[in-house]
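Chemist: Return a 3D structure for these sequence lines:
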Amino acid sequence: MKTKALRLTSLAAIVLSASLAGAYADDSSKSSDDQSGDKQSQSASLDDKNSGDNKSGSDKSSSEKESSDSKSGDDSNNGKVSAIQSKADPLGLPIVGKVMESGSGTAGAQFNKTTLSQALGFVQKNLPEGQNNSGNEKVFSIDPAKLKLAEKVNLQAFFVSQSAGFSSTLGFNTTGVGVKSGNPELIFPNVSSPEDFNPNPANNYGPRTEWQPLLPGDFVNIGTYAKGTPLDFFLIANGANGGDTVFNSGGASANPDGLAHTGGFTASVFAVPQLNSPYLFIDFKDWWGGGDKDYNDAVIAINVGAKTINSLLATPEPSMYLTLGGFLTLGVWAKRRMDRMVPQA
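Modeler: Residues are numbered from 1 along each chain as shown. Below you'll find the predicted structure:
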């Protein structure tokens, strides 16, 4: 009887192994198809840029274009355009879209409701001004250099906080690194805020000004990008005042001083973890050589989607949890069946 029970258990394991192999094969095939489609999408995006018809990303919807071009008004989906837009034009690069007011639109309201206050408190505690924060694993738990979209996403970039003497500029690139290759575009021409040096989770913010145009939660609709799109984010140190030194999220080897100028984290490290949060936070250092290495000169959040966050954290997707759960259930069933078949002494 023991032999028969063991055979049943072995048979269950073989069936499960075959099922898992099939699932992985399907995923691999699907991934290959997705990547093929992504290349076509990115190619179409570059064609749009070359024609001059679309400066703000691949597959951008007409409603997003209208939001970027509008100088005033409130769109319930895309947000309300901030009355104060920076006039800075660093390096003559194109600007991807208008800055939207904090908490406006669907994306802005969701970010403020679920994440902003906790993010500001986290930054205040874990990225203190003037201290070497490079050893804090919480704010370096994700490597931004590995950022590649794991799903098609409508991207937004949110301003969180700033603690710097510079008036730097934030941008991004989907086909290169920094500003000397690919398709660099600006997101926030002037990353300056009246909340400078004072991340305030209590929402007691000062007014925007021409020289400090951003408040926590202000955001830009970047556009919709396909699965597989790589994203590089760069900071032009003091760009709003004519600076031209560029540091980017591509890692130490991609920066002119050979130093990594960005860290990355997600909401799962907050005091109240959000395990399926779609936001990737990137913290920048704007000084050549790192200076005090406090990495709080600019902190932004990018809505990259929960699947992308999971891939950066090497977290199994829900489908894998279901598969593992099925394996456990089958094992328990086989064990109980074997126990019933073994004669009691």
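
Chemist: what about the stretch 1-150 of the chain, any weak spots by pLDDT?
Modeler: Low-confidence segments of the stretch 1-150 of the chain, defined by pLDDT under 70, span residues 1-76.

Chemist: the strands in this structure, which residues?
Modeler: Using DSSP state E, the strands assigned to the chain run over residues 74-75, 79-80, 153-161, 169-173, 185-188, 219-225, 232-237, 245-248, 262-266, 279-284, 298-303.

Chemist: Neighbouring strands - and their directions - for the second one?
Modeler: Each strand paired with strand 79-80, and its direction, by DSSP bridges: strand 74-75 (antiparallel).

Chemist: mind checking how far G103 is from D196?
Modeler: G103 sits 20 Å away from D196, taking Cβ to Cβ, to the nearest Å as the criterion. Bear in mind the C-beta positions are built from the backbone N, C-alpha and C, glycine included.

Chemist: Same question for F234.
Modeler: Applying Cβ to Cβ, the value for F234 to D196 is 21 Å.

Chemist: So between the two, which is more surrounded?
Modeler: A direct count of neighbours by other Cβ atoms under 10 Å for F234 and D196 places F234 higher, at 27 against 18.

Chemist: Retrieve the pLDDT associated with P199.
Modeler: In this model, P199 is scored at 87, pLDDT.

Chemist: Please give me every residue in contact with it.
Modeler: Residues in contact with P199 (Cβ atoms under 8 Å, 6 or more residues apart in numbering) are 120-121, 123-124, 160-161, 163, 216, 299.

Chemist: Kindly recompute the last result at 10 Å.
Modeler: Neighbour list for P199: 119-125, 127-129, 160-163, 193, 216, 296, 299 [criterion: Cβ atoms under 10 Å, 6 or more residues apart in numbering].

Chemist: Could you list which of those residues belong to helices?
Modeler: Assigned to helices by DSSP state H, the following of the contacts of P199 qualify: 119-125.

Chemist: from those residues, which would you call buried?
Modeler: Buried residues within those, defined by neighbour count using 16 or more other Cβ atoms under 10 Å: 119-124.

Chemist: Which pair in those has the greatest spatial separation?
Modeler: By the measure Cβ to Cβ, A119 and Q124 form the most distant pair in these, at 9.7 Å.

Chemist: shared neighbours of the two, anything?
Modeler: Counting by Cβ under 10 Å, 6+ apart, the shared contacts of A119 and Q124 are 161, 199, 201.

Chemist: F265: which of these is nearest?
Modeler: Comparing the shared contacts of A119 and Q124 against F265 with Cβ to Cβ picks out S161 as the nearest, at 13.4 Å.

Chemist: What residues are bridge-paired with A298?
Modeler: The bridge-partner assignment for A298, based on DSSP bridges, gives F284.

Chemist: Any chance of a markdown table for the shared contacts of A119 and Q124, columns distance to S277?
Modeler: What follows is the shared contacts of A119 and Q124, written out as a markdown table (distance: Cβ to Cβ, whole Å):
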| residue | distance to S277 |
| --- | --- |
| S161 | 18 |
| P199 | 18 |
| P201 | 17 |
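
Chemist: hang on, isn't P144 packed against L235?
Modeler: No - with contacts defined as Cβ atoms under 10 Å, P144 does not count as touching L235, sitting 11.6 Å away.

Chemist: So these two - more neighbours on which side?
Modeler: With other Cβ under 10 Å as the criterion, P144 and L235 differ in neighbour count, and L235 comes out ahead with 30 against 26.

Chemist: now, which of the buried ones among the ones in helices among the contacts of P199 sits nearest A240?
Modeler: V123 (21.5 Å).

Chemist: my read: the closest one touches S163, true?
Modeler: Yes - when contacts are counted by Cβ under 10 Å, V123 is listed as touching S163 (8.7 Å).

Chemist: Could you tell me which residues touch both of those two?
Modeler: Shared contacts of V123 and S163, defined by Cβ under 10 Å, 6+ apart, are found at 199, 296, 299.
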